[in-house]
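1. coords below, sequence missing:
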C-alpha cells in the first residue's frame, strides 16, 4: 500500500512537468434548442482562440489542443448533464467552455464539473444565482451577471423617460433572475412594473399571455425571453393585437434573427446585450470576418475569451490539470501585466513562458470581479429604419 | 366611448382569439367523436396525426410557392389541403389495416384499442419529425390582416385597437363549411345514414345489410379530412411545431367529452365551451372593468388563473362534467 501511494505521488509530481500532450477542451453549448442560432458563432469563437494557440506551438512545451462538443440543449438540464458527463468521463476534457444557458449551467456545474473537478468558463450564462453558487473556484464567466443587466436596462428605460413597463420572462433561471433583478432596479429608480409574469417556451399560441400583459398595460414591454422560442411568439402576438408599440430586448433576444423576423415592425424598440466596445472588439470582429463568421453575434466574443482564458491559465500555471490552473485564471484575466488583445495569444504565451505577467483584455475587455465573473459592459441597441443599430455603451 | 372601448378590448383579446381557437378545437373534437362513435375507441393518435397531415400540407405548400402559385390574399396552404387530406387518409387507412383491424375483428375491449392508438401516436410523431424536422415552421402567406390595429384606431378614434387576422376569419369560415358539409353527409346520404346506424347498433346494422368495413373506411377518410383541416388551420393561425399538436389532445378530448362523446353537435359546442373558458378564466379583466366602471379601480388584475394554468381549465371542465353529467351536455355515450 505504501509503495502504491508513493508511486501515485511520484506520478502526480511528474505530471506537471510532462512533455507535450494533447489537451482536450470541451465546448458545451446549446447547439440545438432555444438559442441554437447563437451557438455556431460562439463555437467558432472558441475554436478560433484554440487554433491560434495551436499555431503558436508555445503552450506547455508544444502541447496541442483539440475540442469535443457537447450539446446542452439550453433548456433540458438532464440532457445537458448527460452530454457534459460524457465529455468529462469518456473524453477526458481538461476544461469546458460552457454552458450556454443558466439553468443548464447550474445543473452541469453541480452534477459534473464539481464532482470531477473540471473548470467551466461560461460565455453566456448570466443568472445572478451563479454569482453565489458553491463552485470550489471552478466556475467563471466572461459575461456579467444579470443583476448588472437589470440595472443597465432600468437606466436605459429611465433615460428614455419610460416610467411604466410590463415584463414577461421565460420560465427558467435566466428569465426569472433577470426579470427580478430588473424589477428591483427599475422600482428603485422610480419606475413602475405593471406586471411581471412568466411565459413558457414551445407553445404554439401566446395570445392568452399577450392578453394578460396588455390588460396590465404599460408604456413598453420587456421581453426577457429567447429569440428562437417563446420570446418571438410573445412579440408576434403583441404586434398582431397592437398590445404594445415599444419593446425592450435583453440579451436573449438581441440577435440577427430578431432583425430578420421583425425589423420593420419594431421601429423605435431597443435593448442591450453584453458586448464591450473598443480595440479588442473591433479586432475580434475583423478576425472573425477573415475566418468566415459573424463576430458581432451575441456571446461569440465571450466564447473566444473563455477559451483563451483557460489556455493562458494552463500556460501560466504550467499544468493542464484543472485543480492547478484554476488558481491562475484570475491572475491572467486581471492586472497587473502586459495587456493582451485578440490575435495576440501567441505573444501572451511567449511572455508567460518567459516568466512575465499578462493581463488578458481580449475581445470583451475581460475584467473578472467577485466570484469570477465579468464586470460587464453593455451595448445599447435600437431599431432604426428596419435595422439594428448600436447607439451606445454603458 | 368607454363602453365601446370595453367592447373592442373584449373582442380583441377574448372573443376573436377564443372563437378561432374554439373552431379549431371543434374540428378536432368532431374527428375524435366520430371515431369514438363508430370505431368505439378514444383515438390518442389524433393530435399527432393532425401534426402529420399538417406537415404534408406544409411541404406541398412549399412546392406550390416554389412554382409561384398563390391564392392572393388567402394562404397558399388552402390549395394544398385536398392532396394533403388524400395522403393522410391513405396513411390512416393503412394504419387501420395494419393495426386496428386486427383488434376489431377479434372484438377486443376498447381499452386495448386505446393502448394501440397510443403506440400509433408515437409512430406518427416520429414520422412527422422524420418528414419535416423538429423545428417550428411558419407557412402562412397572403394578407396577414383583415383589420389591423393601427388602421382600426385611426378609423374609429378609440383608444383600444382591434386586430382581425385573415387566418382567424378563415378558420371560422372553413369550420362552418366543414360542419355544414359533414351534417349534410350524415343526415342526407345513404353512406351517412349507414354510419349513424352502425354507430347506434352494430348488430342491427349488420342485419340490415350494411357493410361494416365500408363504414369504417368512410369514417377514417372523414376523420382524416377533419384532422388535416383542423391541424392546418391551427398551424396557419398560430404556428406549426411537431410537438404542439400533442398538447392539443387534452383540450380536444375535453371538448368531445363535455359535449358528449359520439355526438357531433356536442363536439362543436364542447370545442367553443372549452376555448372560451380557457381564455376567459386566464384573461385579466381589469382593463375592461376599468372602462365599464371608471370609479372602481381594483389593485389586482382580476385574473382568475395565471396563463400558465391554461390547461388546468380543460381538466376542471372535464372533471366537473364526468362527475355530474358523465354522458356530456348533449347526451353522448358515457365514458
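-> Perfect, thanks for sending it. Values in this document were obtained by computation on a predicted structure and should not be read as measured data.
2. State the distance from residue B:303 to residue B:279.
-> Remark: distance between residue B:303 and residue B:279 (C-beta to C-beta, to the nearest Å) = 12 Å. Using the backbone N, CA and C atoms, a C-beta is placed for each residue, glycine as well.
3. Also residue A:66?
-> 54 Å.
4. Over to residue A:202?
-> For residue A:202, the distance to residue B:279 - C-beta to C-beta - is 20 Å.
5. the more surrounded of these two?
-> residue B:279 (24 against 15; other C-beta atoms under 10 Å in any protein chain shown).
6. What helices and strands are in contact with the helix or strand the more buried one falls within?
-> Secondary structure from DSSP states H and E places residue B:279 in helix B:264-282. Counting by 3 or more C-beta pairs under 8 Å, 6 or more residues apart in numbering or on different chains; DSSP states H and E, the packing neighbours recorded for helix B:264-282 are helix A:207-216, helix B:16-39, helix B:166-188, helix B:244-259, helix B:310-324.
7. For the first one, which helices and strands make contact with it?
-> Looking back up the chat, that one is helix A:207-216. Using 3+ C-beta pairs under 8 Å, 6+ apart: helix A:207-216 touches strand A:164-170, strand A:192-199, helix A:230-241, helix B:16-39, helix B:264-282, helix B:286-292.
8. Can you tell me which of the ones you listed is nearest to residue A:316?
-> Using C-beta to C-beta as the measure, strand A:164-170 is the one of those that comes nearest residue A:316, at 38.0 Å.
9. Distance from the chain centre to the closest one, please.
-> 22 Å (C-alpha atoms, centre = their mean, to the nearest Å).
10. tell me which residues in that strand are buried?
-> Across strand A:164-170, burial judged by 16 or more other C-beta atoms under 10 Å in any protein chain shown covers A:165, A:166, A:167, A:168, A:169, A:170.
11. which among these gets closest to chain B?
-> Taking C-beta to the nearest C-beta as the measure, chain B lies nearest residue A:168 of these, at 9.8 Å.
12. Could you double-check that that closest one lies in contact with residue A:194?
-> No - using C-beta atoms under 8 Å, residue A:168 makes no contact with residue A:194, being 11.2 Å away.
13. Once you drop chain neighbours, what's closest to the closest residue to chain A within the stretch 1-150 of chain B?
-> When distances are taken as C-beta to the nearest C-beta, the stretch 1-150 of chain B reaches nearest to chain A at residue B:149, 2.8 Å away. Distances taken as C-beta to C-beta, 6 or more residues apart in numbering or on different chains place residue A:242 nearest to residue B:149, at 2.8 Å, with adjacent residues excluded.
14. ok, now residue B:36?
-> Excluding its sequence neighbours, the residue lying closest to residue B:36 (C-beta to C-beta, 6+ apart) is residue B:261, at 4.8 Å.
15. Same question for residue A:125.
-> residue A:105 (3.9 Å).
16. just residue B:297 next, same as before
-> residue B:290 (6.2 Å).
17. cool, and residue A:273?
-> residue A:251 (3.8 Å).
18. got the contact list for the one you found?
-> Contacts for residue A:251 (C-beta atoms under 8 Å, 6 or more residues apart in numbering or on different chains) come out as A:124, A:126, A:149, A:271, A:272, A:273, A:274, A:298, A:299.
19. And residue B:218, by the same measure?
-> Applying C-beta under 8 Å, 6+ apart, the residues near residue B:218 are B:191, B:195.
20. mind checking pLDDT for it?
-> pLDDT recorded at residue B:218 is 95.
21. Same question for it, what's its three-state structure.
-> On the three-state scheme (DSSP: H, G, I helix; E, B strand; the rest coil), residue B:218 is labelled helix.
22. roughly how far is stretch B:64-84 from the heart of the chain?
-> 21 Å.
23. Check stretch B:28-47 too.
-> That offset, for stretch B:28-47, works out to 12 Å (C-alpha atoms, centre = their mean).
24. now residue A:111: how far from residue A:312?
-> Taken as C-beta to C-beta, the span from residue A:111 to residue A:312 is 28 Å.
25. Comparing those two, which shows the higher neighbour count?
-> residue A:312 (28 against 17).
26. From what I see, the more buried one and residue A:337 are in contact.
-> No - Residue A:312 is beyond contact range of residue A:337, at 10.4 Å (criterion: C-beta under 8 Å).
27. any common contacting residues for those two?
-> residue A:358.
28. Run through chain B and note the low-pLDDT ranges.
-> The model of chain B has pLDDT under 70 over residues B:332-335.
29. If we use 80, what do you get?
-> For chain B, the stretches flagged by pLDDT under 80 are B:1, B:295-301, B:308, B:331-335.
30. again with chain A
-> Filtered on pLDDT under 80, chain A yields the residue ranges A:1-20, A:34, A:204, A:263, A:274-278, A:376.
31. Quick check: end-to-end length of stretch A:107-126?
-> End-to-end distance for stretch A:107-126, by C-alpha to C-alpha, to the nearest Å: 14 Å.
32. Work out the gap between that stretch and the centre of the chain.
-> Offset of stretch A:107-126 from its chain centre (C-alpha atoms, centre = their mean): 13 Å.
33. Could you do stretch B:249-263 as well?
-> 10 Å.
34. which parts of it are buried?
-> Result for stretch B:249-263 [16+ other C-beta under 10 Å]: buried residues B:249, B:251-263.
35. What count of nearby residues applies to residue 129?
-> Went with chain A since none was named. Residue A:129 has 18 neighbouring residues, counting by other C-beta under 10 Å.
36. You answered for a different chain; I wanted chain B.
-> Residue B:129, neighbours per other C-beta under 10 Å, totals 16.
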